[in-house]
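Q: Return atomic coordinates for the entry below.
(chains A and B)
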Amino acid sequence: MITYEPWSAQRGQEIIDALARLDGATLPIFHALQAAFGHVPPDAVAMIAHTLNLSRAEVHGALTFYHDFRQTPPGRRVVRLCRAESCQAMGGEAAARFLLADLGIGWGETTADGAVTVEAVYCLGLCAVSPAALVDGEPLGRADGLILSQAARA
Amino acid sequence: MTRVFVPRDAAALAVGADAVAAALAREGVEIVRTGSRGLAWLEPMIEVETPDGRIAYGPVAADEVAGLLNAGLLTGGDHAKRLGRPQDLTWLAGQTRITFARCGIIDPVSLDDYRAHGGFQGLARARLIGPAATIDAVAASGLRGRGGAGFPAGVKWRTVAEAPGATKYVVCNADEGDSGTFADRMILEGDPFSLIEGMAIAAFAVGASKGFVYGRSEYPHANATFAAAIEACRAAGVLGDFDLELRVGAGAYVCGEETALLDSLEGKRGQVRAKPPLPAHHGLFGRPTVVNNVLTLATTPWILVHGGEAYAALGTGRSRGTQPIQLAGNVKRAGLYEAPFGLTLGQIVMDIGGGTASGRPVKAVQCGGPLGAYFPPSLFDTVYDYEAFAARDGLIGHGGVVVFDDTVDMAAQARFAFEFCAAESCGKCTPCRIGAVRGAETMERVISGHDVDANLALITDLCETLKFGSLCALGGFTPYPVMSAITHWPQDFRR
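A: Below is the predicted model of the structure:
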């Protein structure tokens, strides 16, 4: 389980300020905010735009372009499950169907109790031990549906 | 005290390497964490240092550790999991390891280990012979971009060196998004200093003082190891006035395209730029920029030490040197196999890979990632080099080889190729942005048996538009998986 801080504008501004001097600082700031709060809150967009002297449209455009950045908090556990070809060849889709049915959610959704979010990714570089997943950032290989369910609920 | 080497490569961690290391630590064994040798089916593969050299055991489970120690693990004792000396294993004995010479052997974040295995000699050589001769050596090696495009590295470096401007950049494209590829990750986790040294060589050759590595959020372990390696270099002051920074992408496949990557590094949406101007003239923040893949850069130290001619002596045709081939998917022996260009696809899949993991017949092999063509076994005589693959409407790309058994439905794979392109399109050019969506819809109609001939004709026409009208390889190469599936497995589209 990864615990996130509750959103605080003051903490958010500190994070933004600490990275603002970087060239092309938007992505590092998004990553840092998401690491702290589990997502990039809508309030942060205007703060980033102001600090970096960008328009809100530019910041919003960048934020929404990338699959990784969430605008709402995830579940307490995040399972990032690979759906790319190598994992397909090793039964990854069946494993994914099992996990999603077991949790009663679809791709990108969070269980009603807020325990688990399942996100699709396209390649974790673990293709030699397909099918693969990252569970709260920890790699899991040769993962059938049962193994995934256990890891998601552990 | 006897040392035991346990990989910390993410693929080894994914099958329990940390638990094995913990079990060994509980028994008081001295452990060195390394990268992976690339024999994924034997992971976690551990090695023990004996007077006769290292002895490998694998695959080792944590609950086997006590038994292994009782069997005399620390002296290389006999056990069902004993594999012998790694270099005698067929998989490793058959390879020519240049880019991966140290991977799986050294502690990836130990500068002492790196130096003891020849590290920083290439950079020293470059500084000795000067920028012009450094570029000459890379040009003479025939090294081509290992990211997939295969552009000669020496030509690129020379263009940036000759470009006017006081500020220049070296950017490493470590956005290894192709399914079935993991060589960049293995270098970042197993021998990160080789990449750093290669970037320092490139920076010295072209007159850049700053480098960026654009990595992937899907690779948290690689990022942590690489960040530690950068810190170690800074602390030891080995890079002179060259500094580099790791930046992490955010799940956009298209950012592996070099101009989209540059826009992303600048903090923008990762949209493709029209070329020209080339990044070599007008790259990051508008400055002349070398953009090379991890493998390209990590190979240059070897070239500097041994000379461009030594590297060029390997390979076939216009594909010189070695290619780290990544075998994945439904294959018995998956992993990394570095060999000179010139093997056949059949040798790679059947002899090296051992056929499918499921034991069923091979039906299709996708080479070069999600935008690469599917090859049937009837094309297994295709020689693994850039030109031979292009001649058969395929590409080797970043070196990924993904094997499928006879349960795969090629129409579903063709639909997936369109869906992937639709999801990952940056939206800048119309053929890719709209064509991929229309392609997926039309393929759905084919799969449901609706007006199959007319819809396949439409898809063929659409693929022509994508191929010739797209700004970058995402739209331009999506026709490869689609058309190869239609061409080689027509029966899968008429059920």
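Q: what residues does the stretch 151-300 of chain B put near chain A?
A: By C-beta under 8 Å from any C-beta of the partner chain, the part of the stretch 151-300 of chain B that sits against chain A consists of B:176-182, B:184-185, B:216-222, B:247-253, B:264-271, B:285. Placement of C-beta: from N, CA and C, glycine included.
Q: Residue numbers of the stretch 1-150 of chain B in contact with chain A?
A: Near chain A, when you scan the stretch 1-150 of chain B using C-beta under 8 Å from any C-beta, you find B:10-11, B:13-15, B:38, B:40-41, B:43.
Q: With secondary structure as extra columns, can I get those residues in JSON lines?
A: What follows is the residues of the stretch 1-150 of chain B next to chain A, written out as JSON lines (DSSP: H, G, I helix; E, B strand; the rest coil):
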{"residue": "B:A10", "secondary structure": "helix"}
{"residue": "B:A11", "secondary structure": "helix"}
{"residue": "B:L13", "secondary structure": "helix"}
{"residue": "B:A14", "secondary structure": "coil"}
{"residue": "B:V15", "secondary structure": "coil"}
{"residue": "B:G38", "secondary structure": "coil"}
{"residue": "B:A40", "secondary structure": "helix"}
{"residue": "B:W41", "secondary structure": "helix"}
{"residue": "B:E43", "secondary structure": "coil"}
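Q: Give me the buried subset of those residues.
A: B:10-11, B:13-15, B:38, B:40-41, B:43 (16 or more other C-beta atoms under 10 Å in any protein chain shown).
Q: The residues of the stretch 1-150 of chain B next to chain A into JSON lines, with extra columns for pLDDT?
A: Formatted as JSON lines, the residues of the stretch 1-150 of chain B next to chain A follow (pLDDT from 0 to 100):
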{"residue": "B:A10", "pLDDT": "98"}
{"residue": "B:A11", "pLDDT": "98"}
{"residue": "B:L13", "pLDDT": "98"}
{"residue": "B:A14", "pLDDT": "98"}
{"residue": "B:V15", "pLDDT": "98"}
{"residue": "B:G38", "pLDDT": "98"}
{"residue": "B:A40", "pLDDT": "98"}
{"residue": "B:W41", "pLDDT": "98"}
{"residue": "B:E43", "pLDDT": "98"}
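Q: before we move on, the earlier item: relative to B:A313, which of the buried ones among the residues of the stretch 1-150 of chain B next to chain A is nearest.
A: B:G38 (23.5 Å; C-beta to C-beta).
Q: Would you state the helices of chain A in chain order?
A: Remark: helices assigned in chain A by DSSP state H are A:9-19, A:26-37, A:42-52, A:56-65, A:85-89, A:92-103, A:145-153.
Q: looking at the ones you listed, which is buried most?
A: Ranked by mean neighbour count, the helices of chain A are led by helix A:85-89 with a mean of 31 (mean count of other C-beta atoms under 10 Å in any protein chain shown).
Q: Just checking that one against chain B, any contact.
A: Yes - using C-beta under 8 Å from any C-beta, helix A:85-89 reaches chain B at A:85-89.
Q: immediately after the helix or strand harbouring B:F468, which helix or strand?
A: Per DSSP states H and E, B:F468 falls inside helix B:452-469. The helix or strand immediately downstream of helix B:452-469 is helix B:473-477, counting by DSSP H and E.
Q: Point out the other helices and strands that that following helix packs with.
A: helix B:410-424, helix B:430-447, helix B:452-469 (3 or more C-beta pairs under 8 Å, 6 or more residues apart in numbering or on different chains; DSSP states H and E).
Q: by contact count, what packs against the helix or strand just after that helix?
A: Next helix or strand after helix B:473-477 toward the C-terminus (DSSP H and E): helix B:479-488. In terms of contacts (3+ C-beta pairs under 8 Å, 6+ apart), helix B:479-488 is packed against strand B:362-367, strand B:374-375, helix B:410-424, helix B:452-469.
Q: just to revisit the earlier point, quick one: buried residues of the helix holding B:F468?
A: B:455-456, B:458-459, B:462-463, B:465-467.
Q: got it, and stretch B:318-328?
A: Quick answer for stretch B:318-328 (16+ other C-beta under 10 Å): B:319-328.
Q: What about those residues, which are in strands?
A: B:319-320, B:322-328 (DSSP state E).
Q: Of the residues you listed, just say which sits nearest to chain A.
A: Nearest to chain A, judged by C-beta to the nearest C-beta, of those is B:A328 at 3.5 Å.
Q: Rebuild the helices of chain A as CSV, extending it with distance to B:T90 and mean pLDDT.
A: Below are the helices of chain A laid out as CSV (distance: least, C-beta to C-beta, whole Å; pLDDT from 0 to 100):
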stretch, distance to B:T90, mean pLDDT
helix A:9-19, 49, 98
helix A:26-37, 43, 98
helix A:42-52, 54, 97
helix A:56-65, 46, 98
helix A:85-89, 23, 98
helix A:92-103, 29, 98
helix A:145-153, 30, 96
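Q: and those as TSV, adding distance to B:R495?
A: What follows is those, written out as TSV (distance: least, C-beta to C-beta, whole Å):
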stretch	distance to B:R495
helix A:9-19	53
helix A:26-37	44
helix A:42-52	47
helix A:56-65	38
helix A:85-89	19
helix A:92-103	19
helix A:145-153	26
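Q: what's the spacing between the residue nearest the centre of chain A and B:Y253?
A: Centroid-nearest residue in chain A, with C-alpha atoms, centre = their mean: A:D68, separated by 5.1 Å. Separation of A:D68 from B:Y253 (C-beta to C-beta, to the nearest Å): 12 Å.
Q: hey, what's in contact with both of those two?
A: By C-beta atoms under 8 Å, 6 or more residues apart in numbering or on different chains, A:D68 and B:Y253 have no common neighbours.
Q: so what's the residue lying closest to B:C255 once chain neighbours are set aside up against?
A: In this structure, B:C255 finds its nearest non-sequential neighbour in B:G270, 4.1 Å apart by C-beta to C-beta, 6 or more residues apart in numbering or on different chains. Applying C-beta under 8 Å, 6+ apart to B:G270 gives the contacts A:65-66, B:249, B:252, B:254-255, B:260-261, B:263-264, B:426.
Q: when you check those against the strands, which ones overlap?
A: Using DSSP E, none of the contacts of B:G270 sit in strands.
Q: Would you map out the domains in chain B?
A: According to automatic domain parsing, chain B comprises the domains B:3-93, B:111-312, B:315-405, B:410-493.
Q: mind checking the SS state of the residue nearest to B:I325 when sequence neighbours are not counted?
A: Of all residues not flanking B:I325 in the chain, B:Y337 sits nearest, at 4.7 Å (C-beta to C-beta, 6+ apart). Classification of B:Y337 using three-state DSSP returns strand.
Q: Show me where the stretch 201-350 of chain B dips below the pLDDT cut-off.
A: By pLDDT under 70, the stretch 201-350 of chain B has no low-scoring segment.
Q: what about the strands in it?
A: Ranges of strands within the stretch 201-350 of chain B are B:210-215, B:243-248, B:289-293, B:315-316, B:319-320, B:322-329, B:335-340, based on DSSP state E, counting those that start in this stretch.
Q: Filter the contacts of B:G270 down to the ones in helices?
A: Of the positions in those, A:65, B:260-261, B:263-264 sit in helices, assigned by DSSP H.
Q: Only the buried residues of stretch B:306-318, if you could.
A: Buried residues in stretch B:306-318, defined by neighbour count with 16+ other C-beta under 10 Å: B:306, B:308, B:310-312, B:314-316.
Q: gap between that stretch and the chain center?
A: 20 Å (C-alpha atoms, centre = their mean, to the nearest Å).
Q: okay, how far is it across that stretch, tip to tip?
A: 20 Å (C-alpha to C-alpha, to the nearest Å).
Q: distance of B:P276 from B:F477?
A: Note on B:P276: its distance to B:F477, by C-beta to C-beta, is 20 Å.
Q: now B:G399
A: B:G399 is 15 Å from B:F477, by C-beta to C-beta.
Q: mind listing what the residue sitting furthest away from the middle of chain A touches?
A: Relative to the centre of chain A, the most outlying C-alpha is that of A:N53, 27.0 Å out, by C-alpha atoms, centre = their mean. A:N53 makes no contacts at all, as judged by C-beta under 8 Å, 6+ apart.
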